[in-house]
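1. Please find the sequence and the predicted model below.
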Amino acid sequence: MDSTVEAPRGVIPTGLLKGQKALVTGANSGIGKATALGLGRAGADVVVNYVAGREDAEKVVQEITAFGVRAAAYEADVSQEDQVTGMVDRMVQEFGTIDILVANAGLQRDAPFTEMTLGQWQKVLDVNLTGQFLCAREATKEFRRRGVVPEVSRSAGKIICMSSVHQLIPWAGHVNYASSKGGVQMMMQTLAQELAPEKIRVNAVAPGAIKTPINRSAWDTPAAREDLLKLIPYDRVGEPEDIAHAVVALVSDLMDYVVGTTLYVDGGMTLFPGFATGG
């Protein structure tokens, strides 16, 4: 297979999420952008959250509204409680409610373990883990207030926690990131257990190697791509749209009985391909 050839795209059904209101954090680029566009294409109104890069966020809004749905860009740092509360309150006021939360915002601050500063450790945990906690907490309050609206969805609300294959695979030189994603896994499962009786579905998507700006050096040259593909049995690097498709499916009523599950979208990276020939 020629791994440089762009992977074919599926087509998202245009009415799958009609009438639903979605919030995607960190949605002005990469996986968040693709997910926001996918939700809009499926018929949802979308709030595009960003912490920097307003111009990029507004461009995403314009692309989403071309699908005939509403969209808006909201600036908020998800690691700050008052900003998250204000963002969700504003969304409820302007869009009427929230049906879907995709807690996607995340970052890396890489360093060898003994050289990692407390600031690097804390920043990653604050955004990647605490940020998801805050957004999920505030969205859940609105899910509970509104309850199930059968003509909109069988669920009272859906939360997708954006995790990583590194909730499972250790990653030397990235202890803060891997720890944050391990925390996301347990947080997601605990929330799912607690909230399922209220018809609130919590799940996670765990991307593998995806072509985004955050990891460009890992895939944008032939040599880097060749090394990366040794870790991916499916023999291609993922696209942001691969993640968007997974999210749209998980938040739809097609997946109404899926609760507390992590969907790995990784081309088989979590199959530990180094052991394919016996280790």
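-> Received it, and whenever you're ready, just let me know what you need. The model shown is predicted, which means the values in this text are computed figures rather than measured ones.

2. Neighbouring strands of the longest strand along the chain in the sheet, and parallel or not?
-> When the chain is parsed with DSSP state E, its longest strand is strand 200-207. Strand 200-207 sits in its sheet next to strand 157-162 (parallel), strand 262-265 (parallel), going by DSSP bridges.

3. Now do the contacts for A73.
-> 28, 47-50, 54, 57-58, 60-61 (Cβ atoms under 8 Å, 6 or more residues apart in numbering). Placement of C-beta: from N, CA and C, glycine included.

4. Please apply the same query to G183.
-> Residues in contact with G183 (Cβ under 8 Å, 6+ apart) are 125, 128-129.

5. Show me which of these are buried.
-> Neighbour-count burial (16 or more other Cβ atoms under 10 Å) is assigned, among those, to 125, 128-129.

6. What are the buried residues along whichever helix in the chain runs longest?
-> Of all segments of type helix in the chain, defined using DSSP state H, the longest is helix 175-195. For helix 175-195, burial by neighbour count (16+ other Cβ under 10 Å) applies to 175-185, 187-189, 191-192, 195.

7. thinking again about what came up before, may I ask which two of the contacts of A73 are separated the most?
-> Spatially, the most separated pair among those is V47 and R54, at 13.9 Å (Cβ to Cβ).

8. Mind checking which of the two has more residues around it?
-> For V47 versus R54, neighbours defined as other Cβ atoms under 10 Å are more numerous around V47 (28 against 12).

9. hmm, back to that, and the strands paired with strand 200-207: which comes nearest A276?
-> Of all the strands paired with strand 200-207, strand 262-265 comes closest under Cβ to Cβ, at 17.1 Å.

10. can you list the residues that contact that closest one?
-> 163, 165, 167-168, 185, 188, 203-208, 238, 242-243, 246, 250, 270.

11. Output the below-cut-off pLDDT ranges for the stretch 101-250 of the chain.
-> The model of the stretch 101-250 of the chain has pLDDT under 70 over residues 219-220.

12. Where do the helices of it begin and end?
-> Here the stretch 101-250 of the chain has its helices, by DSSP state H, counting those that start in this stretch, at 118-125, 131-146, 175-195, 222-229, 240-251.

13. Return the fourth one as PDB; C-alpha atoms alone will do.
-> What follows is the C-alpha trace of helix 222-229 in PDB, where atoms were taken according to Å, rounded to 0.1, in the frame of the first residue of the first chain:
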ATOM      1  CA  PRO A 222       9.200  10.400   4.200                       C
ATOM      2  CA  ALA A 223      11.700   9.200   6.800                       C
ATOM      3  CA  ALA A 224       9.500  10.200   9.800                       C
ATOM      4  CA  ARG A 225       6.500   8.600   8.200                       C
ATOM      5  CA  GLU A 226       8.300   5.400   7.500                       C
ATOM      6  CA  ASP A 227       9.400   5.200  11.200                       C
ATOM      7  CA  LEU A 228       5.900   6.000  12.400                       C
ATOM      8  CA  LEU A 229       4.300   3.400  10.100                       C
END
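
14. buried ones in that helix?
-> For helix 222-229, burial by neighbour count (16+ other Cβ under 10 Å) applies to 225, 228-229.

15. and if you look at the second one?
-> Within helix 131-146, the residues scored as buried using 16+ other Cβ under 10 Å are 131-136, 138-143, 146.

16. what helices or strands is that helix leaning on?
-> The helices and strands touching helix 131-146, judged by 3 or more Cβ pairs under 8 Å, 6 or more residues apart in numbering; DSSP states H and E, are helix 81-95, strand 100-103, strand 157-162, helix 175-195, strand 200-207.

17. how far out from the middle of the chain is it?
-> 16 Å (Cα atoms, centre = their mean, to the nearest Å).
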